[in-house]
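Q: fold the following, please.
(chains A and B)
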Amino acid sequence: MLVTAALPYVNGHIHLGHLVEYIQADIWVRFQRLQGNQVAYICADDTHGTATMIRARQEGRSEQQIMAEMSEAHQKDFADFAVQFSHYGSTDAPSNKQLVGEFWAALRQARDDAGESIVAERDVTQLYDPKAGSFLADRFVKGTCPKCKSPDQYGDSCEKCAATFSPSDLINPVSTLSGAKPELRSAKHYFVRLEPFRDFLKAWTRSDNTLQNEIANWLHGAFLNDALRDWDVSRPAPYFGFEIPDAPGNFFYVWVDAPVGYLSSLTDWCATTQQDVKQWWPKTTDKNFGAGEIHHFIGKDITYFHTLFWPAMLKTAGYQLPTQVHIHGFLTVNGEKMSKSKGTFIRARAYLDAGLDPAYLRYYFASKLNGKVEDIDLNLAEFVDKVNSDIVGKVVNLASRTAKFVPVLASTYPDDGGLFNAAAAESDAIATAYATGDYSAAMRRIMALADRANEYVEARAPWALKKDPARLDELTAACTVSLNLFRQLCIYLAPVLPDLAQKTADLLGGSGNTWQDAQKPLTGITLAPFKHLVARLDPAKVDAMVAASASETPAPASVVATAVDDGEALSAEPLAGTIAFEDFSKVDLRVARIIAAVEIPKAKKILQLTVSLGGEDRRTVFAGIKTAYGDPTKLVGRLIVIVANLAAKPMSFGTSEGMAIAAGPGGQEIFLLSPDSGAKPGQRIH
RNA sequence: GGCGAUAUAGCUCAGCGGUUAGAGCGGUGGCUUCAUAAGCCAUAGGUCGAAGGUUCGAUUCCUUCUAUCGCUACCA
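A: As a prediction, the model looks like this:
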């Protein structure tokens, strides 16, 4: 059984969002192995594409250096989260180049029912950056919207008026790579015609369990209903990737060689371990075709590649198709998209550096994942509560509260009122939950067992038995039962918490390495000295992690993208007449700190601010900024600039004792002025 | 604008065409003190987003609406 996780892109570090997938797949792999299945867990770095090329240029070093550095960082992050790949390769590997060539040759030879070639050639006109010497994807061009004249819009559509257009329609287009003015150039591209595969894909996407229903429905509604468009698989030079063998100067688009990376990484692993790759991923002509299973774990954003293009490629080249594609949603933090400024864009390394145990995150994700394509939320407060309550308070506590009472387990398993057998009987239900990806159901069942075990300990009160030497047998029995119940839980949790399972095996001297071990209690075992198994989660560490993530200075996104200023704002509001300095000096502008910001229910645009000018000087200011600052609590604490000597103005909500200074036309676009850090409330602006 | 999804107790989520809708956490009140301030018992708290429809009966199925989240905008 072969399992892959999506290939992380070489350009960025692993963050908690990535880990949802790698941990999810790792849990599944570990579960399958506990069940006795042989599993290869394969991953690799996705290396090619324009982004890598540009980064290498900007940093003045080779793509190879970047790839080496990032691969090492990625692998270390994964290893530290107990994500254990059989092999971690690279899409830039020679084996991948060879395989991509093989796939390409197959596509070149393939013919549809009408005898037409699957590969088509067409000229594509694109904007070209003469300074950077590169064709520009739509997102690398910015300019003014031809319809509504909004500045700073991307080359494909306008975020303001929602018009869609071609990058060449932009007014004053600018390359975000170099700032140069792009020109139109035409180049030949190669396309894979997908329409001939449509009937095949319609059937395959509906075949049993291959895809979650919601995904299959969506594909059928969104894509497979109409003729499939041709897929542009080539990019003209310069491009970082593999050159197309029979078309010099043209390179394979990154999404051609990325999925092939699954196969090439597997191939490399088989080479180093002296296995036959066909055992894992056979072709139709191999004897064991269809004998093993192939599972891809991916995020919903790359569904098309794995459910349309990739199956078409595999079919054409004669490889076994994926048994199942497991598609998951995205991670939000505290209910919102991960945000760098809020510190919720958390890198895997930042989590570890804060001193947090990977087991916490593995358990939390497991308790949330349910096999659907829904997004899952990492609520940091809940994270702390859940981990401490479930793992430490319920599960590990069972061992903590009984392991020190007895040196040796009873030689025969005592009567426990059927508890152990009841928990053993849960085995299948829990296994089914794991197998179907519904880890949250598995966790719920396991925690319910932990509750019952704690009730048992409470009822037997071993701490009371301990005081009476005559009741030693009872004490031993009670501890034997509770430690066995604990061990069962650890076996059930082993896919999620491999480290705890190992420590428990050490403590109890048992094997505990297969799922079946949960069916049979341990007896007569001499206990190893008890050590804490999992540390309590300290919320301060979570706070530290968020603070550290927030203070990370984001890398400058692009050289000139945001520096393209036009004259729209100025012409919309022409300059006022010239004033004398005396006139200006009448206006007393002061730095003020917002100490409270309150919504006024009746007001659509007004927020009530209480600002401090330092000392005791507090003022109430009504500011028309609600449309842009919807969450007033976020304003509290920040410094702004106010007109401090403006005559008080009575309003229907109260009297405004100053005016907050802000720029922008209104609506969403209101920008409060802030002094640079170091300014103090009360200071005058000169 | 298009597409997908979600909307059930304060929070995170189960559940299901049919007797009084559940769990964990949190709250409250007890108990316990073995344990990493852990555990046990009890208890409060929901007109299952809104409006229609199907049905003997809907939180559960259908339609519409609203809100939220995510993706996407014609090289997916």
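Q: CA only for contacts and neighbour counts going forward, please
A: OK.
Q: can you list phi and psi of residue A:611 for me?
A: With angles defined as degrees, to the nearest 10, residue A:611 sits at phi -120, psi 150.
Q: who's in contact with it?
A: Counting by CA atoms under 8 Å, 6 or more residues apart in numbering, residue A:611 touches A:592-596, A:618-621.
Q: and these as CSV, adding pLDDT, secondary structure and distance to residue A:422?
A: What follows is these, written out as CSV (pLDDT from 0 to 100; DSSP: H, G, I helix; E, B strand; the rest coil; distance: CA to CA, whole Å):
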residue, pLDDT, secondary structure, distance to residue A:422
A:592, 86, strand, 65
A:593, 86, strand, 62
A:594, 85, strand, 59
A:595, 82, strand, 58
A:596, 79, strand, 56
A:618, 82, strand, 66
A:619, 84, strand, 66
A:620, 82, strand, 65
A:621, 84, strand, 65
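Q: out of the residues you listed, which is most surrounded?
A: Among the contacts of residue A:611, residue A:592 has the most neighbours (other CA atoms under 10 Å), with 31 neighbours.
Q: now do the same contact list for the nearest residue to that residue once chain neighbours are set aside.
A: The shortest distance from residue A:592 to any non-neighbouring residue, by CA to CA, 6 or more residues apart in numbering, is to residue A:681 (4.5 Å). With contact set as CA under 8 Å, 6+ apart, residue A:681 has these partners: A:590-593, A:612-614, A:639.
Q: the same query, at a cut-off of 6 Å, please.
A: The contact partners of residue A:681, by CA atoms under 6 Å, 6 or more residues apart in numbering, come to A:591-593, A:613-614.
Q: I'd like the residues you listed laid out as JSON lines, including distance to residue A:132.
A: Compiled in JSON lines, the contacts of residue A:681 are given as follows (distance: CA to CA, whole Å):
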{"residue": "A:591", "distance to residue A:132": "44"}
{"residue": "A:592", "distance to residue A:132": "46"}
{"residue": "A:593", "distance to residue A:132": "45"}
{"residue": "A:613", "distance to residue A:132": "50"}
{"residue": "A:614", "distance to residue A:132": "52"}
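Q: next SSE after whichever strand or helix holds residue A:502?
A: Taking DSSP states H and E as the criterion, residue A:502 maps to helix A:498-508. Toward the C-terminus, helix A:498-508 is succeeded by helix A:539-551 as the next helix or strand (DSSP H and E).
Q: can you list the contacts of residue A:681 in CSV and add distance to RNA strand B?
A: CSV is the format used below for the contacts of residue A:681 (distance: CA to the nearest atom of the strand, whole Å):
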residue, distance to RNA strand B
A:591, 32
A:592, 30
A:593, 27
A:613, 34
A:614, 35
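Q: which of those lies closest to residue A:208?
A: Nearest to residue A:208 among those, counting by CA to CA, is residue A:593 at 61.2 Å.
Q: ok, now how distant is the residue of the stretch 1-150 of chain A found nearest RNA strand B from residue A:438?
A: Of the stretch 1-150 of chain A, the residue with the smallest distance to RNA strand B, taken as CA to the nearest atom of the strand, is residue A:137 at 3.7 Å. Distance check for residue A:137 against residue A:438: by CA to CA, to the nearest Å, it reads 39 Å.
Q: higher neighbour count, those two?
A: The residue with more neighbours, out of residue A:137 and residue A:438, is residue A:438; 20 against 15, by other CA under 10 Å.
Q: how about the residues of the stretch 501-650 of chain A by RNA strand B?
A: Counting by CA under 7 Å from any atom of the strand, the residues of the stretch 501-650 of chain A close to RNA strand B are A:532-536.
Q: please pick the buried ones from the residues you listed.
A: Buried members of these, counted by 16 or more other CA atoms under 10 Å: A:533-534, A:536.
Q: could I get those residues as TSV with pLDDT?
A: What follows is those, written out as TSV (pLDDT from 0 to 100):
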residue	pLDDT
A:533	92
A:534	93
A:536	92
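Q: residues in contact with stretch A:244-251?
A: Applying CA under 6 Å, 6+ apart, the contact partners of stretch A:244-251 are A:234-237, A:242-243.
Q: please apply the same query to stretch A:99-113.
A: For stretch A:99-113, the surrounding residues in contact (CA under 6 Å, 6+ apart) are A:117-119, A:196, A:317.
Q: same thing but 7 Å
A: A:117-119, A:196, A:257, A:260, A:264, A:313, A:316-317 (CA atoms under 7 Å, 6 or more residues apart in numbering).
Q: could you do stretch A:645-662 as well?
A: Under CA under 7 Å, 6+ apart, the answer for stretch A:645-662 is A:587-588, A:619-623, A:641-644, A:670-673.
Q: with stretch A:18-35 instead?
A: Residues outside stretch A:18-35 that contact it (CA under 7 Å, 6+ apart): A:5, A:39, A:41, A:83-84, A:297-298, A:362, A:365, A:434, A:495-496, A:513-515.
Q: mind giving me the packing neighbours of the helix holding residue A:502?
A: Packing partners of helix A:498-508 (3 or more CA pairs under 7 Å, 6 or more residues apart in numbering; DSSP states H and E): helix A:472-493.
Q: in the helix it packs on, what's buried?
A: Using 16+ other CA under 10 Å as the burial criterion, the residues of helix A:472-493 that qualify are A:472, A:474-493.
Q: same check on stretch A:249-268?
A: A:250-268.
Q: which of the residues you listed fall within helices?
A: Among these, the residues falling in helices (DSSP state H) are A:254-268.
Q: out of those residues, which comes closest to RNA strand B?
A: Distance to RNA strand B across these (CA to the nearest atom of the strand) is lowest for residue A:255, with 8.0 Å.
Q: what about residue A:333, how many residues nearby?
A: For residue A:333, the tally of surrounding residues (other CA under 10 Å) stands at 20.
Q: contacts only, for it.
A: Each residue near residue A:333 by CA under 7 Å, 6+ apart is listed here: A:344, A:377-379.
Q: what distance do you get for the closest residue to it other than its chain neighbours to residue A:551?
A: Among residues not flanking residue A:333 along the chain, residue A:378 sits closest, at 4.6 Å (CA to CA, 6+ apart). To residue A:551, residue A:378 is 20 Å away according to CA to CA.
Q: again with residue A:509
A: Residue A:509 sits 46 Å away from residue A:551, going by CA to CA.
Q: residue A:616 now?
A: Going from residue A:616 to residue A:551 by CA to CA gives 31 Å.
Q: show me what from the stretch 351-500 of chain A comes close to RNA strand B.
A: Contact residues (CA under 7 Å from any atom of the strand) of the stretch 351-500 of chain A with RNA strand B: A:368, A:370, A:373-377, A:379, A:382, A:385-386, A:389-390, A:392-394, A:396-397, A:400-402, A:441, A:444, A:448, A:451-452, A:454-455, A:457-458, A:461-463.
Q: now those: which count as buried?
A: Using 16+ other CA under 10 Å as the burial test, those include A:368, A:370, A:373, A:375-377, A:386, A:390, A:392-394, A:396-397, A:400-402, A:441, A:454, A:457, A:462 as buried.
Q: among those, which are in strands?
A: Among these, the residues falling in strands (DSSP state E) are A:376-377.
Q: still on that earlier bit, widest-spaced pair of the contacts of residue A:333?
A: Greatest spacing in the contacts of residue A:333, by CA to CA: A:344 and A:377 (11.5 Å).
Q: what number of residues lie near residue A:465?
A: Counted with other CA under 10 Å, the neighbours of residue A:465 add up to 18.
Q: can you get me a residue count around residue A:113?
A: The burial count for residue A:113: 8, using other CA under 10 Å.
Q: related to what we said a few turns ago, C-alpha coordinates for the helix holding residue A:502, PDB please?
A: Once non-C-alpha atoms are left out, helix A:498-508 reads as follows in PDB (Å, rounded to 0.1, in the frame of the first residue of the first chain):
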ATOM      1  CA  PRO A 498       3.600   7.200  18.600                       C
ATOM      2  CA  ASP A 499       5.900   8.700  21.200                       C
ATOM      3  CA  LEU A 500       3.400   8.000  24.000                       C
ATOM      4  CA  ALA A 501       2.900   4.500  22.800                       C
ATOM      5  CA  GLN A 502       6.600   3.900  22.900                       C
ATOM      6  CA  LYS A 503       7.000   5.300  26.400                       C
ATOM      7  CA  THR A 504       4.100   3.200  27.600                       C
ATOM      8  CA  ALA A 505       5.600   0.100  26.100                       C
ATOM      9  CA  ASP A 506       8.800   1.000  27.900                       C
ATOM     10  CA  LEU A 507       6.900   1.400  31.200                       C
ATOM     11  CA  LEU A 508       4.900  -1.800  30.900                       C
END
